[in-house]
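Asker: From the sequence below, what's the structure:
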Amino acid sequence: MDSVGGFQLPKYHPIPETQTQSPTPSADAATHNHPLLLCPLEQWASYTIKTKDRGSYGEYTISTTSVRGRPVLPLFWCNNKEFYGDCDVCRGSNFGTDYYFCELHHEKFHKECVESPLKIQHPYHSEHYLQLHFLNRITECFSCRRKAEWLVYRCTICQFFMHPVCAMKPISFVVDQPKRHHHSLTFFPRQTSLTCNVCGLLRKLYPTYVCLGCNFVAHYDCMHSPSIIKISRHHHRISYISSLRSGEWSCGVCRQGIDGDYGAYSCDKCSDYVVHSRCALGEDVWNGEELEGVPEEAETTLGPFNVINEGVISHFLHAHYLRFEVNILDDENNFCQACALSIYEGNFYSCMECDFVIHETCAIAPPKIQSALHPHPLILKADTENDCNACARTAWGGFGYQCPIRECDFQLDVLCASISEPFDYKGHDHPLFLGLDPEEKAICHVCKTKFHKQLNCIKCDFIVCMKCATLPNKVKYKHDKHFLTILFGEEVCENNWCEVCERDLGDTDRKVFYWCKECCTTFHIECLFGKDPFMKPGQIIRVWGMNDVQILGICKISRPICDHCKNRCQGKIFKRDNYRACSWNCMYATFDM
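Answerer: I've put the predicted structure just below:
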């Protein structure tokens, strides 16, 4: 098994005695009489739910009684080949050369995650015990500040969390970090409100180090923050600076004010661009790479197509030549192969050998971009099969930007990828900006949901999600010869009703509709586009273990009954074997039928 390193014979170990002063196992955890070299996935399978948090997310507390009677599976100890990937029980990476492998589950685990005591006392949180916990939601490790989920150490009183890997590391009570301070820093065990000179924040539960002579305070993770980084929100590198010159400063990420007496990141090339330390180091902003000492290389940008001759191009995502067209198709069944929207007017390219068509604006989409929504560069791909991470739209078969790093599993459709800051939204007077993802999302003022990436106004409280922000400004309806344009809520009259469903527009709290100015007709967004507007007729979806799903166009002669919801299919029809469904969600529900 070269992919995970050479295996040694399976060994069974009790919990090891700690060899440092850092984490100390509690007495009740150390006196159990059963071996704990148990596959963590088997431990997980034997837990009982202790609490419920955030609705359906269960939290599991590990106890010695919960694992009794479970089989003790042999774990192979690997210590001769470095492995890059995630631990299957804590979701963390950085394996190095020492880790365990479970032959039954074919998974790898950190040494610390397998051997961690059930309960410890840690100097970083000495007031209470930390108990090993399975947490089915994402939180933050208070030591390294990276996301923590699944297997964590937790104080249920203070809601203090640590990775097992971080908890098992010996700590230094005196450290030297010359890039942050010229004197040695001493661990300050008392949990009190001290403002960190590096990040400018009061974080009571985070481990803190101080220089008493200089009145300098730094959180443990802030001491190790990088000096030079590249973030997704700016096109230049930015460098750490311990303080800013006098003046008013606004963060280039969260758009809030910055106190110049504390540390921040600034751009050497753009004198007015600064970012909070905490904002700059966010997981969706920074890629985790320290660039100090790394030479900056000029990026070469390749175009998406080559010009063959006048009006003919060769696009890198299509095998045939494409011809430039300017005439109006005015056919609802002609869909752009990139964004999946219908092509009604304007310039586009059509294939000289097949039925491939693409908007001119989509054809010039660059092969590689740096999106403000993701820290890594994204690559343009065709025939994508994942939902967009920004708007959650399902657009299988279209173009999409994907992160080449497999662990990220991140994708944007071409519409969301085109968003840049500041964003000019037609339904609002002020420019909009991307914010940091809050723990509790605000509600979109347009669709009244809170499940997508959002743009917000820094002058007022207006918020719009990416799904609503990328709606087309003009569309066509099959029974109207005119174009429909977006109508915003303040213009809606009380007697307006939807031309499709014939319901009063006042019956919904949505604030954006489409209307025909000439005919004075209005439409709900959902009624106009249907349930799956970005899934193209004629497309075939391959489903593992089942027959393919075909997407059929709108049937103008008859409207079959959906086999799941029992309503008539108003738009596209999804067909698998003898099943007919009115939407992808309904078809997905038939997979168990």
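Asker: show me the residues around Arg157 that make contact.
Answerer: Actually, residue 157 is Ile rather than Arg. Shown in contact with Ile157 (C-beta atoms under 8 Å, 6 or more residues apart in numbering): His128. Backbone N, C-alpha and C define where each C-beta goes, glycine included.
Asker: do the one 4 residues further on as well
Answerer: Contacts were defined as C-beta under 8 Å, 6+ apart; by that measure Phe161 touches 135, 139-142, 148, 152-155.
Asker: export these to JSON lines and tack on distance to His276 and secondary structure?
Answerer: Formatted as JSON lines, the contacts of Phe161 follow (distance: C-beta to C-beta, whole Å; DSSP: H, G, I helix; E, B strand; the rest coil):
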{"residue": "Leu135", "distance to His276": "27", "secondary structure": "strand"}
{"residue": "Thr139", "distance to His276": "21", "secondary structure": "strand"}
{"residue": "Glu140", "distance to His276": "16", "secondary structure": "strand"}
{"residue": "Cys141", "distance to His276": "20", "secondary structure": "coil"}
{"residue": "Phe142", "distance to His276": "19", "secondary structure": "coil"}
{"residue": "Ala148", "distance to His276": "22", "secondary structure": "strand"}
{"residue": "Val152", "distance to His276": "26", "secondary structure": "strand"}
{"residue": "Tyr153", "distance to His276": "28", "secondary structure": "strand"}
{"residue": "Arg154", "distance to His276": "27", "secondary structure": "strand"}
{"residue": "Cys155", "distance to His276": "27", "secondary structure": "strand"}
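Asker: Of these - the most surrounded one?
Answerer: Tyr153 (29 neighbours; other C-beta atoms under 10 Å).
Asker: and the residue positioned nearest the centre of the chain, how far is that from Cys362?
Answerer: The residue lying closest to the centre of the chain (C-alpha atoms, centre = their mean) is Asn389, at 6.1 Å. Distance, Asn389 to Cys362, by C-beta to C-beta, to the nearest Å: 19 Å.
Asker: go on, Phe513?
Answerer: 26 Å.
Asker: Then Arg576?
Answerer: Taking C-beta to C-beta, one finds Arg576 at 29 Å from Cys362.
Asker: okay, these two: which has more neighbours?
Answerer: Using other C-beta under 10 Å, the more surrounded residue of Arg576 and Cys362 is Cys362, with 23 against 19.
Asker: dump the residue contacts of the more buried one.
Answerer: 336, 338-339, 399, 414.
Asker: Same check on Glu283?
Answerer: 146-147, 375.
Asker: Likewise for Lys269?
Answerer: His236.
Asker: what do you get for Glu421?
Answerer: Glu421 is in contact with 233, 372, 431-434, counting by C-beta under 8 Å, 6+ apart.
Asker: Give me the secondary structure label for it.
Answerer: coil (DSSP: H, G, I helix; E, B strand; the rest coil).
Asker: Also Tyr209?
Answerer: strand.
Asker: Tell me which helix or strand in the protein has the weakest average pLDDT.
Answerer: Least confident helix or strand of the chain, by mean pLDDT, DSSP states H and E, is strand 49-53 with a mean of 41.
Asker: just for the stretch 51-200 of the chain, where's the confidence low?
Answerer: By pLDDT under 70, the low-scoring segments of the stretch 51-200 of the chain are 51-77, 79-85, 93-97, 105, 191-192.
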